[in-house]
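Student: Sequence first, then the predicted structure:
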Amino acid sequence: MIFFHKDEQLEKLGSDILKATWAEFPTLARNQIALTWIVYDPPVLVNTGGALTPNAFWNHAVRGFTYRGVERIYPASVVKLFYLVAIHEWLEKGMTQTSKELERAIRDMIVDSSNDATSLVMDVLSGTTSGPELPPGPFETWKFQRHIVNRYYQSLGWEEMETINACQKAWGDGPYGRERAFYGEMLDNRNMLTTNAIARLLHSIVGGVAVSSGRSQQMMALLKRSLNPDDLPTDVEEDQVTGFLGGGLPQNAQLWSKAGWTSQVRHDAAYIEIPDQHPYLLVVFTEGKANAKNRDILPLISKLVTEAVGSL
């Protein structure tokens with residue numbers, strides 16, 4: 001069963017937000033956006049420093065709105081959230097040991113969205129490395145090992161994880177050698193996520209039940225974003241606030257997020273707290289070349305959602 005329930009109030013607000021977005025950006029096709037929005041009504045049981053047991057947390061119902069939330073979409077760097085939780089699980093279970101280099105890579109993967117850092121994290125998770133093409137036998141073993149993150153998420157028994165694919169590294173120019181072969185001739189083995197799957201994973205981190213309460217708090221620390229313009233990176237490629245959901249928030253908001261973008265997609269997944277309002281979680285994916293370049297769509301949606309939350 002999906003982890004949130006729908007209700008009339010959020011259905012109406014969510015539909016109005018989409019209508020307003022399409023009115024402002026008529027070139028954004030109906031099938032070029034997906035969205036999942038979770039509202040935390042009082043008593044708020046998230047971002048409590050891990051005060052709840054997993055059972056208490058998962059038995060607490062939350063309400064939400066989703067549009068195309070089960071559609072499989074290329075996630076770009078948002079997939080790094082899945083590698084973040086997985087590497088903490090491996091460390092917690094003693095499946096791998098920490099090191100200065102691994103800690104540096106985990107940080108840079110999330111804070112700066114570094115693809116090179118992600119490459120090391122994936123090597124550690126799977127016990128594989130990139131390189132030239134492999135003979136069929138060794139390649140089968142290599143591929144099996146690379147699917148270990150998928151097997152971990154399927155083992156959780158969450159229906160949102162049944163259709164995802166999270167087994168590929170993140171690239172600048174693209175994969176070569178065995179990595180390219182692993183994508184498949186038609187790139188049919190690309191990473192694919194849904195906004196519902198991302199929302200559930202982020203919900204578990206914010207709830208303090210991803211791996212353990214202590215590790216959830218470590219993850220939250222990496223996901224924290226400053227909205228102060230003076231703190232934003234000067235390199236637009238590393239700025240995960242401007243042009244994303246953080247770009248539509250008031251200055252007094254608090255933001256924890258992971259963005260992703262390529263020439264074809266622009267995505268963000270965020271947990272947001274604004275004084276005197278219900279906290280909420282928002283995942284928005286947009287596809288298409290023109291939309292990927294457009295740095296105004298996600299901030300507008302964020303602003304509209306903030307206004308809607310203010311009316312609750």
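Tutor: Here it is on my side, so go on. Numbers count the residues shown, from 1 in each chain.
Student: give the contact list for residue 65.
Tutor: Counting by Cβ atoms under 8 Å, 6 or more residues apart in numbering, residue 65 touches 6, 10, 11, 13, 14, 35, 36, 37. (C-beta placed from N, C-alpha, C; glycine too.)
Student: need the helices for this protein, in chain order.
Tutor: With DSSP state H, the ranges of helices along the chain come out as 8-24, 54-58, 80-93, 100-111, 115-126, 136-146, 148-155, 178-183, 195-206, 213-223, 289-293, 297-310.
Student: ranking these by mean pLDDT, which is last?
Tutor: Per-segment mean pLDDT for these reaches its minimum on helix 54-58, at a mean of 92.
Student: So which residues make contact with that helix?
Tutor: 3, 45, 207, 208, 209.
Student: quick check: domain ranges of the chain?
Tutor: Domains of the chain are assigned by automatic domain parsing as 1-73+196-312, 78-193.
Student: quick one: residue 8 from residue 61, how far?
Tutor: 16 Å (Cβ to Cβ, to the nearest Å).
Student: now do residue 251
Tutor: According to Cβ to Cβ, residue 251 and residue 61 sit 32 Å apart.
Student: do the same with residue 228
Tutor: 35 Å.
Student: same check, this time on residue 119
Tutor: 39 Å.
Student: These two: who's more crowded?
Tutor: residue 119 (18 against 9; other Cβ atoms under 10 Å).
Student: Check what contacts stretch 292-308 and list those residues.
Tutor: 13-14, 16-17, 20-21, 24-25, 28, 35, 37, 242-250, 253, 261-266, 268, 270, 272, 274, 277, 280, 282, 284, 286, 291.
Student: what distance separates it from the middle of the whole chain?
Tutor: Taking Cα atoms, centre = their mean, to the nearest Å, the mean C-alpha location of stretch 292-308 is offset from the chain mean by 17 Å.
Student: Select from the contacts of residue 65 the one having the most neighbours.
Tutor: Top of these by neighbour count (other Cβ under 10 Å): residue 36, with 30 neighbours.
Student: what residues are up against that residue?
Tutor: Residue 36 sits in contact with 64, 65, 66, 69, 195, 196, 198, 199, 281, 282, 283, where contact means Cβ under 8 Å, 6+ apart.
Student: Residue 234: which of the residues you listed is nearest?
Tutor: residue 282 (26.4 Å; Cβ to Cβ).
Student: per-residue confidence at that closest one?
Tutor: Value listed for residue 282 in the pLDDT field: 98.
Student: Residue 187 is in contact with residue 74, correct?
Tutor: No: the criterion here is Cβ atoms under 8 Å, and residue 74 misses it with residue 187 at 9.2 Å.
Student: who's more crowded, these two?
Tutor: residue 74 (20 against 12).
Student: Against residue 305, how distant is the residue most central in space within the chain?
Tutor: Nearest to the mean C-alpha position of the chain, counting by Cα atoms, centre = their mean, stands residue 78 at 4.0 Å. The gap separating residue 78 from residue 305 is 18 Å, by Cβ to Cβ.
Student: All set, thanks.
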